[in-house]
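Chemist: what shape does this take:
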Amino acid sequence: MIDKRQQELLKWLSKVLKTDDFTCETASSDASFRRYFRVSLSGQTYIAMDAPPEKEDCTAFLAIAELLRQQGVNAPKVFKQSLSKGFLLLSDLGKACFLDKLTLESADDLYSQAVGVLHLMHELPVSELTIPVYDSALLYREMDLFNDWFLGGLLGIKLSTSEHNELTLMMDVLIKSALEQPQVFVHRDYHSRNLMLTDKGEIGVIDFQDAVVGPITYDLVSLFRDCYIDWPDHKIYAWLDQFLQQRHSKGCLDKFDTASFYRWFDLMGAQRHMKAIGIFSRLLLRDKKSGYLQDIPRTLEYLVDICSQYKVLSPMAKLLDTHQVSAAVQRYLVANA
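Modeler: From the prediction side, this is the model:
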């Protein structure tokens, strides 16, 4: 059934395309209020974005899309726009995302391509970027989602004062680790569902509107410790080694060793996965989007695993064990199947 927003979109498309002779079908939706439709006209396809202006601001999307395209990144081209209506007409990067194509056989090649795009983005001069900075306040707010929406909201677990204080001190360590890293352009959601494979075999990058200047390992964590697909550690660290080798071959004179880089990567993963679990929980409880619930166990397992390897993460390891959080998640999934 066509809703009011879609009717407005169709009317707008008729105006900007100067014809009614097109089809418009649902392409996808995401964790925000945005929706995407595939528009077909005279053998050509486009993507129409519906971003209600009272809930979504397309300004950052437009600016970053242009920035990335100028850098040689295959981001959507904007053909038509109406910020007042919240409608954009974009180039179509295809129907296949990385997640559809990733296998043990294809992973090395696909991730090598994805890392190549990361290098392009990392070459952007951060001093000239006008995007937000991934500062301590933002990092902390993201981690707070874990307690507010996951522990408290989804599982009904209330932390004691001492547990809360220990968790805060641990988050301080994660923030310090993030801020001491080289700062680069960060896509902020660089994972297998936001990387497209075009018909020409090229990588297309989407969902970049929340980009910031931040830690060099952040997008690598999003890519390699993906909330939607997991890989053995030996593969992940081999891909990290390749990233560093490529970076050095490009003339980057880094002042850190591999062990420090691994540690940054692992601790960055703890921060991101706390955030992701909190967001998945909020999507269910606040936005009534249950599709991400199934991704919590994998993401939580990342957190459990990394907390067992680092003493500075022992407060989280203790908390997860004391409250039997993994078992509580499984009970919730069974009860709400």
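Chemist: how about whatever helix or strand residue 317 lives in: buried residues?
Modeler: Element membership of residue 317, judged by DSSP states H and E, is helix 314-322. Neighbour counts over helix 314-322 (16 or more other Cβ atoms under 10 Å) mark 315-317, 319-320 as buried. Glycine gets a C-beta too; all of them are placed from N, C-alpha and C.
Chemist: tell me the helices and strands packed up against the next helix-or-strand element following it.
Modeler: Sequence-wise, the next helix or strand downstream of helix 314-322 (DSSP H and E) is helix 325-335. For helix 325-335, the packing partners by 3 or more Cβ pairs under 8 Å, 6 or more residues apart in numbering; DSSP states H and E come out as helix 296-307.
Chemist: distance from the chain centre to the helix it packs on, please.
Modeler: Between the centre of helix 296-307 and the centre of its chain there are 17 Å (Cα atoms, centre = their mean, to the nearest Å).
Chemist: could you say what helices and strands that helix packs with?
Modeler: So helix 296-307, by 3+ Cβ pairs under 8 Å, 6+ apart, packs with helix 258-285, helix 314-322, helix 325-335.
Chemist: relative to residue 131, which of those helices is closest?
Modeler: Proximity to residue 131 (Cβ to Cβ) singles out helix 258-285 among the helices and strands packed on helix 296-307, at 18.3 Å.
Chemist: where in the stretch 1-150 of the chain is pLDDT low?
Modeler: Within the stretch 1-150 of the chain, the segments meeting pLDDT under 70 span 1, 29-32.
Chemist: what's the local residue count around residue 132?
Modeler: When counting by other Cβ atoms under 10 Å, one arrives at 15 neighbours for residue 132.
Chemist: off-centre distance for stretch 233-245?
Modeler: For stretch 233-245 - counting by Cα atoms, centre = their mean - the centre lies 20 Å from the chain centre.
Chemist: quick check, residue 309 in contact with residue 266.
Modeler: Yes - taking contacts as Cβ atoms under 8 Å, residue 309 lies within contact range of residue 266: 7.0 Å.
Chemist: more neighbours, those two?
Modeler: Comparing residue 309 with residue 266 by other Cβ under 10 Å, the one with more neighbours is residue 266, at 21 against 11.
Chemist: just to revisit the earlier point, pick the most deeply packed of the helices and strands packed on helix 296-307.
Modeler: Of those, the one with the most neighbours on average (mean count of other Cβ atoms under 10 Å) is helix 258-285, at a mean of 21.
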